[in-house]
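Novice: Structure for this input, please:
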Amino acid sequence: MISVALATKSVSAILKNNRVTQDVDAQTREIMEHCLGGAEFAIRSSCTKLELELVTQIANKVTPSNPLAYVLGYKWFYGYKFYVNPHVLIPRFDSEILVFEALRAAQNLDSDPLNIIDICSGSGCLGLSLLQECRKINIAAQLTLVDIAQQAIDVAKINADKLGFMDNCRFIRANIFEENWIPKEKYHIILSNPPYIPSSDIPNLPLETQVEPKIALDGGKDGLDFYRRISQILPQIQCQDTFIALEIDSRYGKATQQIFANRGKIVLDLSGRDRAIIIDNFTTTKIPM
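Specialist: Residues are numbered from 1 along each chain as shown. As a prediction, this is how the structure comes out:
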């Protein structure tokens, strides 16, 4: 038997030796939880030789060019386990604020069922987490997931199936800058974590981020292309009182607000940075372009 504390230090040292710099302590904990039975590892004093070999094997695979979520094949988000691979962005804790705000809105919207759309859906973590939370409180809901990459759609289908939502979901592979994909349905809740990194900034991102799909990162010259497009299509997909939650680049909160005629409010993440724009009871007349 080997001390869990010693095994934990060993994993942390391996990650640092592999030049992993982002959230080493958190990644160490994830590896230990994965191999030693979830959060219970924290109350264990020892692990077996086989368990030590497993944590060491996983830690050795993690590098800046091979993030832990891709090594494990999953990432926890809003309390749910989502399958991920290099074709989708890795879900991040900061994005959970969109689900929280949308769930608050869902409880105040008078519709049965709620019609939800997740634009640039990737793994589907936003929309599917919201569906799961709605199910917990007996709110009927349907979800449309839209992404340009078939590989991302395939990942979202796997997650929808695992959560038992295939009958509640519609999947659309589309370039949202084209016209022929826009659904005829109207949506009560619109979610999106679109690409929002300015093109020129991508080479300067941490390597762990650069290995994620560029198509899910690149927001055009100023990072705002997808917000402009979403604002353009809103009149075609919104209901009378549509709720909108969009993740944003913390540097461009005001600029994103202006695209929506300053109708939205900026929501901060736990670090105090601009993280989302929330537009409640939204009704479009004409948004200046």
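
Novice: Excluding residues flanking it in the chain, which one is nearest the spatially most central residue of the chain?
Specialist: The centroid of the chain falls nearest to Pro91 when counting by C-alpha atoms, centre = their mean (4.0 Å). Of all residues not flanking Pro91 in the chain, Phe77 sits nearest, at 3.9 Å (C-beta to C-beta, 6 or more residues apart in numbering). Every residue, glycine included, has its C-beta placed from N, CA and C.

Novice: Domain parsing of the protein, as residue ranges.
Specialist: Here the domain parsing of the chain from automatic domain parsing is 2-63, 88-282.

Novice: among these, which is the most enclosed?
Specialist: Across the domains of the chain, averaging neighbours per residue (mean count of other C-beta atoms under 10 Å) puts domain 88-282 on top, at a mean of 19.

Novice: now that one: mean pLDDT?
Specialist: Mean per-residue pLDDT for domain 88-282: 95.

Novice: and that domain, how far out from the chain's middle?
Specialist: How far domain 88-282 lies from its chain's middle: 8 Å, per C-alpha atoms, centre = their mean, to the nearest Å.

Novice: picking up where we left off before, who does the residue nearest to Pro91 form a beta bridge with?
Specialist: Tyr80 (DSSP bridges).

Novice: That one against Ile97, yeah?
Specialist: No: using C-beta atoms under 8 Å, Phe77 is not in contact with Ile97, being 11.9 Å away.

Novice: returning to that earlier point: checking the residue nearest to the centre of the chain next. Helix, strand or coil?
Specialist: coil (DSSP: H, G, I helix; E, B strand; the rest coil).

Novice: got it, and Glu33?
Specialist: Applying three-state DSSP: Glu33 is helix.

Novice: So it sits against Phe41, correct?
Specialist: Yes: shown here, Glu33 and Phe41 form a contact pair, counting by C-beta under 8 Å, at 5.6 Å.

Novice: Excluding chain neighbours, what is closest to Leu109?
Specialist: Nearest non-adjacent residue to Leu109 (C-beta to C-beta, 6+ apart): His188, at 5.2 Å.

Novice: doesn't Ile117 make contact with the one you found?
Specialist: No: His188 lies out of contact with Ile117 (C-beta under 8 Å); the separation is 9.2 Å.

Novice: Output the domains of the chain in JSON lines; the columns should cover distance to Val71.
Specialist: Shown next, in JSON lines, are the domains of the chain (distance: least, C-beta to C-beta, whole Å):
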{"stretch": "domain 2-63", "distance to Val71": "5"}
{"stretch": "domain 88-282", "distance to Val71": "11"}
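
Novice: Understood, closing this out.
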